[in-house]
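Asker: structure for this input, please:
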Amino acid sequence: MTNNLSFSGNTILIVDDNPTNLGVIFNVLDEAGLEVLVAQDGESALQKTEYVIPDLILLDIMMPGIDGFETCSRLKTNPSTSDIPIIFMTALGNTEQKVKGLSLGAVDYITKPFKKEEVLARMKVHLELRNLTKALASKNQLLEEKIQEKTRLEETLQRLNQELETRVEARTTELKQALQNLQQTQLQLIQSEKMSTLGQLVAGVAHEINNPVAFIHGNLNHTERYIQDLLTIFQLYQQQTPSPDPAITTLAEEVDLEYLIQDLPQVISSMKVGVERIRQISVSLRTFSRTDNTSKQETNLHEGIDSALLILKYRLKANEKILPIEVIKNYGDLPLVPCYPGQLNQVFINIIANAIDALEEAGFKRNSEAIKANPSQIIIKTEVDPSQNNVSIRIKDNGLGMSEEIRSKIFDYLFTTKPPEKGTGLGLSISYQIVVEKHCGQLNCYSQPGVGTEFIIKIPLS
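Answerer: Next up is the predicted model:
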């Protein structure tokens, strides 16, 4: 029986004030191969557990000093001994004591007189439960440590992921900013190159026109005076020679001399009007091509708008495909505005040209009845807004308009709805940069499909 119930490695504490009982139990446990400790009262038992933690305690109830119940209660309230299984030793029929012992935390009881097989069997069960509980606790502790380690690793991984995301986000922001700076630099270079090239071209044309026009204009006055002198002499000759030679009379009739005398001054007058118009065009071209200095200039914005309209005038006329485009100018009383006039002239050109494109497209898509009911128009309105201390230039067309999706992208770099041969996606991007970044102003677009589009430019006065 002893071989079947092996307890090697376990320590048992026996607490009993009866030497006979101690001897009997001691021999039984010693034969079973158990390490046995003994105590003859509760106080001694509590002291022994401070130095050696037994695997199981056999505890008598009736003892001098503190009894078994009190000893059990103290053992169970002490964290270092609370999980030691306690088996009470009691009389066979004392049910009340058994119930009280179990209620205090005892796991079992053995009855006196002792039966060897019963004692060992009960002890074996509770020692195995004790060992299994300790093994389970150890595994739970190991599992808890692994869970904690996993939690620490997950927290570390999460922290590293967060750091990585933060770095990626920061790097992405840097790259976006670098791309934006590159696009702005490209726009500035393109804008400067376009303005330089266009300015040189227009200035050259204006200069080449101005020289011969000035020559013609200066000589027309002399020509008019010379012709008037010749006509005076001719009239005097007619008075002095009422009957000229027949050959002269025949030639006078062939050239309709009377009509020639009446029409020649009018021809000279028309030539003077034409030359003056060419001079005005030359002035407008020079106004448009003016080169901006590093500082802003006090500028009449109406002159810039008029010069842009003059350059685009050929596109406003009717042709075999479209009807003429009417330009309605509602100019307010604007003061001189501090700005970079050459750059703003480019903005006016870009926006008016876009309005013409929109009206041309509408002309292709609308039928003749719709066009007659809603003639193509570009309305330009300027005014001062004292509340915001700025001037506004509104350029509105009654074309087909555009969807909100397109309207939200029109100032984006390289965005265009036009075919490659007609649009580059730079005009409005450059215009936005000139107005918003260069002049600290505002450039907004409002559009409604089927109604038209309006651009509002606001330039600060201070």
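Asker: residues in contact with the closest residue to Ala106 other than its chain neighbours?
Answerer: In space, and not counting its chain neighbours, Ala106 is closest to Ile86: 4.6 Å by Cβ to Cβ, 6 or more residues apart in numbering. (C-beta placed from N, C-alpha, C; glycine too.) Ile86 makes contact with 56-57, 59, 72, 75-76, 101, 105-107, according to Cβ atoms under 8 Å, 6 or more residues apart in numbering.
Asker: tell me what Ile86 is bridged to.
Answerer: In this structure, Ile86 bridges to Ile57 when assessed by DSSP bridges.
Asker: in the stretch 151-300 of the chain, which spans are strands?
Answerer: Secondary structure of the stretch 151-300 of the chain by DSSP state E, counting those that start in this stretch: the strands cover 297-299.
Asker: so where's the stretch 101-250 of the chain uncertain?
Answerer: Within the stretch 101-250 of the chain, the ranges that satisfy pLDDT under 70 run 184, 186-208, 210.
Asker: any idea how far Asp229 is from Thr223?
Answerer: Relative to Asp229, Thr223 is positioned 11 Å away (criterion: Cβ to Cβ, to the nearest Å).
Asker: scratch that, Thr241 is what I was asking about
Answerer: Per Cβ to Cβ, Thr241 is found 19 Å from Asp229.
Asker: tell me the SS of Phe455?
Answerer: What DSSP: H, G, I helix; E, B strand; the rest coil gives for Phe455 is strand.
Asker: wait, it touches Leu443, no?
Answerer: Yes - taking contact to mean Cβ atoms under 8 Å, the distance of 7.0 Å between Phe455 and Leu443 places them in contact.
Asker: so between those two, which is more surrounded?
Answerer: Summary of the neighbour comparison: Phe455 and Leu443, criterion other Cβ atoms under 10 Å, with Phe455 having more neighbours (24 against 21).
Asker: could you tell me the model confidence score at that one?
Answerer: At Phe455, the model reports a pLDDT of 94.
Asker: tell me how many other residues crowd Val125.
Answerer: The tally of other residues near Val125 (other Cβ under 10 Å) stands at 13.
Asker: how many other residues sit next to the residue nearest to it when sequence neighbours are not counted?
Answerer: Once its chain neighbours are removed from consideration, Val125 has its nearest residue in Asp108; the separation is 7.8 Å (Cβ to Cβ, 6+ apart). Taking other Cβ under 10 Å as the neighbour definition, Asp108 ends up with a count of 16.
Asker: for Asp108, name its beta-bridge partners.
Answerer: The residues paired with Asp108 through beta bridges, assigned by DSSP bridges, are Ile87.
Asker: mind naming the longest helix for this structure?
Answerer: Longest among the helix segments of the chain by residue count, using DSSP state H, is helix 116-240.
Asker: Val52 contacts Glu35, doesn't it?
Answerer: No - counting by Cβ under 8 Å, Val52 does not reach Glu35; the two are 9.2 Å apart.
Asker: re earlier: quick one: which of the contacts of Ile86 is nearest Asn330?
Answerer: Taking Cβ to Cβ as the measure, Asn330 lies nearest Lys76 of these, at 99.6 Å.
Asker: helix, strand or coil for the nearest residue to the closest one once chain neighbours are set aside?
Answerer: Distance criterion Cβ to Cβ, 6+ apart; nearest residue to Lys76, sequence neighbours excluded, is Gly105 at 4.2 Å. With three-state DSSP as the basis, the three-state label of Gly105 is coil.
Asker: look up phi and psi at the closest residue to Asn10 other than its chain neighbours.
Answerer: Taking Cβ to Cβ, 6+ apart, and ignoring the residues beside it in sequence, Asn10 has Asp55 as its nearest neighbour in space, at 4.4 Å. Main-chain torsions, Asp55, degrees, to the nearest 10: phi -80, psi -20.
Asker: which residues does Asp55 contact?
Answerer: Residues in contact with Asp55, defined by Cβ under 8 Å, 6+ apart, are 10-12, 84-85, 127, 130-131.
Asker: again, but for Ile110
Answerer: Counting by Cβ under 8 Å, 6+ apart, the residues that Ile110 touches are 58, 87-90, 118-119, 122.
Asker: is it possible to get a markdown table of these that adds distance to Lys146?
Answerer: Converted to a markdown table, those look like this (distance: Cβ to Cβ, whole Å):
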| residue | distance to Lys146 |
| --- | --- |
| Leu58 | 38 |
| Ile87 | 35 |
| Phe88 | 39 |
| Met89 | 42 |
| Thr90 | 44 |
| Glu118 | 42 |
| Val119 | 40 |
| Arg122 | 36 |
